[in-house]
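Peer 1: Please work out how this folds:
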Amino acid sequence: MKCCRLILGACLLFVFLMATPLKAFDQPAVNLGFTSFMDGGPPAGPGFYFSQYIQYYTSDELVDGPPMDPELDVWISLSQFIYQSDREVLLGGKWGLNVMIPIVSFDAADFLKTNDGLGDILIGPLLQWDPVMGPKGPRFMHRIELQTIWPTGKYDKDRNLNPGSNHFSFNPYWAATYFFTPRLTASWRLHYLWNAENRDTKRQPGQAVHTNFAAAYALVPDRLRVGINGYYLRQITDSRVDGSRVSGREQVLGIGPGALWSISQSDHLFFNAYFETEVKHRPKGQRFQARWVHHF
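Peer 2: As a prediction, the model looks like this:
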């Protein structure tokens, strides 16, 4: 009897994720917690930067889903390449370019079909403004990026979980850091997300807004900052299947501790943890991340 219940639950979940138009669990992978402290500007001025992210996400609950809660572990390796020029092109902003390449690996319940491999590549032209200076150092710095997400990732419509979304997304943002004092800072990144249609499934995820936020205090000036970091995503329009609206808008809030260790002016390590709450129509879990930034 117990075995029959497990099989029935697995079948219900499979149908729910693969076919039913009654609910939407279809937002693409976006920046939830990848960036945090001092996000408003590059740490060492113009030039070439390389960042390597390693993020682990774990969940055993699918909020607003079927009664059976699948176990899910995801490892993400994200390699980022940034060029920041020293040339002003618009309203004092200096142009730059950001390219991000993800590799994704899933470890999920046996009844979930998964794909591992290359995720969707992100490309974004950007404008970075020089810091606004005060008597004791910088007071404010910010950046705008017209980020795009291209359907380059591995995708199979018959799989429950894929590294790629199989549709284009436009995900521009504004990032900023404010210095209350040279030691105390607040940073944020505000995104808008628009999604095109997945031509294989005729599903178009709804529009969404999402943000990363962080506050940090320098325990050791120019070396060690500790604080709180978080993210929030809210879907603001319904998803559609073949042009018809789909009920269920995604939402999640993640918050936790973090630290930034500046090894030198050219090398920086970030450590972030996030624990999710206020979740609707998506998995609920925890994220843990390490990030290395190098300036050439």
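Peer 1: what's near enough to touch the residue positioned nearest the centre of the chain?
Peer 2: Residue closest to the mean C-alpha point of the chain, counted by Cα atoms, centre = their mean, is N31 at 1.5 Å. Contacts for N31 (Cβ atoms under 8 Å, 6 or more residues apart in numbering) come out as 171, 173, 189, 191, 210, 212, 231. (C-beta placed from N, C-alpha, C; glycine too.)
Peer 1: same question, Q27
Peer 2: Contact partners of Q27, counting by Cβ under 8 Å, 6+ apart, are 193, 195, 205-206, 208, 233, 235, 250, 282.
Peer 1: Kindly report the same for L122.
Peer 2: Going by Cβ under 8 Å, 6+ apart, L122 touches 98-100, 102, 147-150, 171.
Peer 1: and what of S266?
Peer 2: By Cβ under 8 Å, 6+ apart, S266 lies in contact with 44, 294-296.
Peer 1: Which ones among those map onto strands?
Peer 2: 294-295 (DSSP state E).
Peer 1: Mind checking which of the contacts of S266 are buried?
Peer 2: Using 16 or more other Cβ atoms under 10 Å as the burial test, these include 44, 294-295 as buried.
Peer 1: Would you convert the residues you listed into TSV that also reports pLDDT and distance to Q265?
Peer 2: Supplementary listing: the buried ones among the contacts of S266 in TSV, determined by pLDDT from 0 to 100; distance: Cβ to Cβ, whole Å:
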residue	pLDDT	distance to Q265
A44	92	5
H294	98	11
H295	98	7
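Peer 1: What are the boundaries of the helices in the chain?
Peer 2: All helices of the chain, identified by DSSP state H, fall at 2-18.
Peer 1: What are the buried residues along the top strand by length along it?
Peer 2: Identified as the longest strand of the chain according to DSSP E is strand 72-90. Counting neighbours by 16+ other Cβ under 10 Å, one finds that the buried residues in strand 72-90 are 72, 74, 76, 78, 80, 82, 84.
Peer 1: quick one on the thing from earlier: can you tell me which of the contacts of L122 are buried?
Peer 2: Buried among these (16+ other Cβ under 10 Å): 98, 100, 102, 147-149, 171.
Peer 1: who wins for most neighbours among the contacts of Q27?
Peer 2: Ranked by neighbour count (other Cβ atoms under 10 Å), the contacts of Q27 have P205 at the top, with 26 neighbours.
Peer 1: So, low pLDDT: which residues of the stretch 51-200 of the chain?
Peer 2: 68-69 (pLDDT under 70).
Peer 1: again, 80 this time
Peer 2: Residues of the stretch 51-200 of the chain meeting the criterion pLDDT under 80: 65-70, 110-111.
Peer 1: Of the contacts of L122, which belong to strands?
Peer 2: 98-100, 102, 148-150.
Peer 1: that older thread, kindly reformat the contacts of L122 as CSV containing distance to E61.
Peer 2: Shown next, in CSV, are those (distance: Cβ to Cβ, whole Å):
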residue, distance to E61
N98, 33
V99, 34
M100, 28
P102, 24
Q147, 30
T148, 32
I149, 26
W150, 31
N171, 26
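Peer 1: Out of those residues, which is nearest to Y56?
Peer 2: Using Cβ to Cβ, P102 comes nearest to Y56 of the contacts of L122, at 13.7 Å.
Peer 1: of all the ones in strands among the contacts of L122, which two lie farthest apart?
Peer 2: Every pair of the ones in strands among the contacts of L122 checked by Cβ to Cβ; the farthest is P102 and T148, at 14.2 Å.
Peer 1: now F48: how far from T35?
Peer 2: 18 Å (Cβ to Cβ, to the nearest Å).
Peer 1: what's the answer for K136, then?
Peer 2: Between K136 and T35 the computed distance is 25 Å (Cβ to Cβ).
Peer 1: Neighbour count for these two, which is higher?
Peer 2: T35 (24 against 9).
Peer 1: if I pick the nearest residue to D73 once chain neighbours are set aside, what's in contact with it?
Peer 2: In this structure, D73 finds its nearest non-sequential neighbour in D107, 4.1 Å apart by Cβ to Cβ, 6 or more residues apart in numbering. Neighbour list for D107: 72-75 [criterion: Cβ under 8 Å, 6+ apart].
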